[in-house]
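>>> A structural model of the following input is requested.
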Amino acid sequence: MGLIAEFRARARHVVGPAIGVCVVGYFAYHVVHGDRGVIAWRTLEQEVAFAHATLAGVRLERKAVEHRVFLLHPGSLERDMLDEWSRRVLNYGHPNEIVIFTTSANGE
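Model (predicted):
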């Protein structure tokens with residue numbers, strides 16, 4: 001019985017710290033790998049950076065379209081823009097003209 005009693009006496013001093021280490025390890029793992037952990041946080045930061053870059057591109061594209069629409073308003077009507085759009089929409093050209101259709105990056 002001396003060996004078992006010695007084992008129980010030492011186990012009392014080891015069980016508490018072992019449980020504490022397990023609890024700390026559990027929380028440390030989930031801080032890194034959990035749904036709201038460091039890895040998920042970095043992934044979200046990358047997605048936000050990509051979204052900001054996409055937003056900047058869309059804003060530039062919108063600004064260009066707004067400028068082209070502004071040129072078609074009655075108060076600031078530009079004859080060249082009107083001529084270009086009317087020929088494109090109506091598929092009209094003079095008999096002695098050569099028409100070359102191109103597509104731009106925004107599909108116009």
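>>> So what's the gap between stretch 24-31 and the chain middle?
The chain centroid and the centroid of stretch 24-31 are separated by 29 Å, computed with C-alpha atoms, centre = their mean, to the nearest Å.
>>> List the buried residues of it.
Buried residues in stretch 24-31, defined by neighbour count with 16 or more other C-beta atoms under 10 Å: none. (Glycine included, C-beta is placed from N, CA and C.)
>>> which residues of this protein score low on pLDDT?
Segments of the chain classed as low confidence (criterion: pLDDT under 70) are 1, 104-108.
>>> Could you pull out the helices in it for me?
In the chain, helices defined by DSSP state H lie at 2-33, 38-70, 79-90, listed in chain order.
>>> With distance to Glu97 added, can I get those helices in CSV?
Rendered in CSV, the data for these read as follows (distance: least, C-beta to C-beta, whole Å):
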stretch, distance to Glu97
helix 2-33, 66
helix 38-70, 22
helix 79-90, 9
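>>> which residue is nearest the centroid of this protein?
With distances taken as C-alpha atoms, centre = their mean, the residue of the chain nearest its centroid is Ala51 (3.0 Å).
>>> Ok, which of the helices of the chain comes nearest Thr103?
Thr103 sits nearest to helix 79-90 of all those, at 11.5 Å, using C-beta to C-beta.
>>> how far is the closest one from where the chain is centred?
Relative to the centre of its chain, helix 79-90 is centred 37 Å away, using C-alpha atoms, centre = their mean.
>>> can you count the residues close to Leu71?
Taking other C-beta atoms under 10 Å as the neighbour definition, Leu71 ends up with a count of 15.
>>> Kind regards, and thank you for your time.
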